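A.B. asks: got a predicted structure here, sequence first:
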Amino acid sequence: MATLLSPTLSNSNGLYSGSCYAFGASGGYVVQQGINQINLRQPDIMTKYDVTDAIQVKFSARALNRQISVIKDASNLNTVQAWFDSTTDTLHYDNLKLCACDFVNGVNTESVISVGKLSTLYTDFQSCVSTYFGDPGGFASLFSGDQDLKVNKGVFDASAYIQVVNSSKFTMEGSFVSDLSGQVTISDINQLLKYVVDTNIFNNRNPSIHNWGVVDGFVAGDLVFIPSGFTIALSVDIEAETYLPINNVGPSYLNSIRNRLNWTRGYVTRTTTATTTNITQTTTVPILLVLTDETMENFSNYGVEWVLVVPSINDASGNPYTKPPEEVILITSLSSTGQYQASITNLGTILVSNNGGQQWTAPKNIGPSNVNTIGMSFTGMNQTVSNGHKIYVSNDYGETWQSTFSGGTTNIFVAVSLCGKYQTMISSGDNLYTSDDYGLTWKPLSQDTDLYQSIEAFPTGGIAISYTGRYQTIVSEAIYISDDFGITWFNVSDQNGFDDRNWSGIAMASTGQYQTAVENGGDIHVSSDYGKTWLFVDNELVHNKIWQGVSMSATGQYQTAIETNGKIHKSIDYGVTWDSVSTDVVNDNNWVSITVSSDAMYQTAIDASGNMYVSSILGGSNTCSC
């Protein structure tokens, strides 16, 4: 008989420990216990605010997105290009600055939802002045005009607010207003956007409609609160009395009610100062920007006003650079916002600017050529130039350059995708070359193609590449398109009824969907299906012109085309209709190049004499000085 070992009891509670015999069984019980949800930590800068007293203004989400280089389609839903790092899920710009001019140009009377605490601004000030003069009675009879001090009849409404912020439209009789100054900064944008995307805190990012991400930037329904958003100082001067004793005891009257004149209530503050010669009442209220898809940015003044500019240039050592009389600028490229610009001259001087063209430097010369050309990514970081034989690239905003291709024939035409990574180059009479590493190395097209034969026999008229580089179009005597980053090409001329034509230019929207091609001695044709089919623009203004070039915004909505010995023409409806531009500054001229920034805010035209003409949505070359 076997001896059974007794299990070991470890304590008086009957707890077993160690090994022991037991009956075996199968199955088991399951239970699930839920722990309180671990929530996203609300950023310290994402706070609830009391907005009751705020000036509430509808403001374009597109305008804020433009500040961080996010450009979206007409619906403001889909991003067509953005300075965005998908690896880190971050936008390049983590803060934005909304200058006074940006704000003024983004609002009108219809934009103002509420003037908040400012609704009594004028009546409050009128009451203050009446108390100062001791009305009723007092010493008011010694002065004239105090009884008539009723600014805008005491009404401060949306119209009054817009007049106050926009001095050029100020019409209130008997008063004046200074130019609006200052700026608003939104910081930690990546952190904020990640939070609102994950939490949908504004209830405006429905995941069933769109796969939202940081790359989408600001959207309609987002709110921006500016605690000290708007400060206005109402001031009236009082003529000094000539003889003693002085009868003006107004400052003492106001001092007796100082608690009613100097206070802070939430985010609203008011201070009042008074002397015998002046009364000033300063009020600060918050602003709530209610972002919307509605926008004033129809850009109806796109390409209307032009300014002739003379670039201020320094050489690589920082000394003033004087162009020889025979040196002329051939072409200019612009970054998305126009901050970064690059030009090249017939003598091979590369000119770069990082402040919107206000100041230029000349970091390198690549040698004289009448076919010198330049292109850049929409960020301005990646730039490529060619003198017809060699290619030079810069990946640091044009500061330094290196030669990456040599051996071209007569003309080299280069197009740079807006992301900068993909570039395509045609060497006339030679071959087509593509780069997928920012222009550092180049791969030739197979010689067993129709396009290769065309390039050998015909000097190309132009190349355009979509933002990602996927869609590419080449125009020469035929139109060739590629939808696989320039690996394979298709001739679409026959299916569109084109015979051999002397195409001189091609432009493409960021997505590749919208394209416009122009003929040298012909017409304008547009495509809205990635270059597969083309439509003739039936407009007498643009028939049978010697077209030199065409450029368009990232969305394709805004386009500009130029003639040789002719006019500048513009379209604000994706190339469907066109208008001619005729001003005292630009009229019939021998235009050689045109470049439109991705956001359509800026464009630059160059004539055969190397003169640079700039147009801005803000009017001429006007940009915010702040």
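C.D. replies: Arrived safely, thanks for sending.

A.B. asks: give me the number of residues near residue 161?
C.D. replies: 24 (other Cβ atoms under 10 Å). From N, CA and C alone the C-beta is placed, and that goes for glycine too.

A.B. asks: now it, what's its secondary structure?
C.D. replies: Assigned by DSSP: H, G, I helix; E, B strand; the rest coil, the conformation of residue 161 is helix.

A.B. asks: mind pulling up the pLDDT for it?
C.D. replies: For residue 161, the pLDDT comes out at 87.

A.B. asks: can you name the residues that contact the closest residue in space to it that isn't next to it in sequence?
C.D. replies: Nearest non-adjacent residue to residue 161, counting by Cβ to Cβ, 6 or more residues apart in numbering: residue 115, 5.3 Å away. Taking Cβ atoms under 8 Å, 6 or more residues apart in numbering as the contact definition, residue 115 lies against 55, 156, 157, 158, 160, 161.

A.B. asks: state the phi and psi torsions of residue 115.
C.D. replies: Phi and psi for residue 115, reported as degrees, to the nearest 10, are phi -90, psi 0.

A.B. asks: need phi/psi at the residue nearest the centre of the chain.
C.D. replies: Nearest to the mean C-alpha position of the chain, by Cα atoms, centre = their mean, lies residue 66 at 2.4 Å. With angles defined as degrees, to the nearest 10, residue 66 sits at phi -60, psi -30.

A.B. asks: how about residue 417?
C.D. replies: Torsion angles at residue 417 (phi, psi; degrees, to the nearest 10) stand at phi -60, psi 150.

A.B. asks: quick one: the nearest residue to residue 454 once chain neighbours are set aside and residue 504, what's the gap?
C.D. replies: Excluding its sequence neighbours, the residue lying closest to residue 454 (Cβ to Cβ, 6+ apart) is residue 476, at 5.6 Å. Residue 476 sits 10 Å away from residue 504, taking Cβ to Cβ, to the nearest Å as the criterion.

A.B. asks: compare these two (neighbour count), which wins?
C.D. replies: Neighbour count, other Cβ under 10 Å: between residue 476 and residue 504, residue 476 has more, with 26 against 22.

A.B. asks: where does pLDDT dip in this protein?
C.D. replies: Applying pLDDT under 70 to the chain flags residues 1-45, 136-150, 168-174, 242-244, 296-298, 407-413, 428-430, 456-461, 619-626.

A.B. asks: are we agreed that residue 121 is in a helix?
C.D. replies: Yes: checked against three-state DSSP, residue 121 lies within a helix.

A.B. asks: now it: how far from residue 220?
C.D. replies: Using Cβ to Cβ, residue 121 is found at 30 Å from residue 220.

A.B. asks: in terms of neighbours, single out the busier of these two.
C.D. replies: Taking other Cβ under 10 Å, residue 121 and residue 220 do not tie; residue 121 has more neighbours (24 against 18).

A.B. asks: how many neighbours does the nearest residue to that one once chain neighbours are set aside have?
C.D. replies: Spatial nearest neighbour of residue 121, excluding adjacent residues (Cβ to Cβ, 6+ apart): residue 156 at 4.4 Å. Per other Cβ under 10 Å, the neighbour tally for residue 156 reads 20.

A.B. asks: residue contacts, residue 156?
C.D. replies: Neighbours of residue 156 in contact, by Cβ under 8 Å, 6+ apart: 115, 118, 119, 120, 121, 122.

A.B. asks: rerun that using 7 Å as the cut-off
C.D. replies: 115, 118, 119, 121, 122 (Cβ atoms under 7 Å, 6 or more residues apart in numbering).

A.B. asks: repeat that for residue 516.
C.D. replies: Residues in contact with residue 516, defined by Cβ under 7 Å, 6+ apart, are 507, 524, 526, 550, 552, 559, 575.

A.B. asks: where does the residue nearest to residue 121 sit: helix, strand or coil?
C.D. replies: Following three-state DSSP, the label given to residue 156 is coil.

A.B. asks: how much space between it and residue 203?
C.D. replies: Using Cβ to Cβ, residue 156 is found at 32 Å from residue 203.

A.B. asks: what segments of the stretch 501-626 of the chain are strands?
C.D. replies: With DSSP state E, counting those that start in this stretch, the ranges of strands along the stretch 501-626 of the chain come out as 503-508, 515-522, 524-527, 535-536, 545-552, 559-563, 568-571, 579-581, 591-596, 602-607, 612-616.

A.B. asks: so which of these gets nearest residue 351?
C.D. replies: With Cβ to Cβ as the measure, strand 612-616 is the member of these nearest residue 351 (10.0 Å).

A.B. asks: roughly how far does the residue nearest to residue 121 sit from residue 579?
C.D. replies: To residue 579, residue 156 is 40 Å away according to Cβ to Cβ.

A.B. asks: same thing with residue 563?
C.D. replies: Distance from residue 563 to residue 579, by Cβ to Cβ: 14 Å.

A.B. asks: higher neighbour count, these two?
C.D. replies: residue 563 (21 against 17).

A.B. asks: the helices in the stretch 351-500 of the chain, which residues?
C.D. replies: Along the stretch 351-500 of the chain, counting by DSSP state H, counting those that start in this stretch, helices occupy 450-457.
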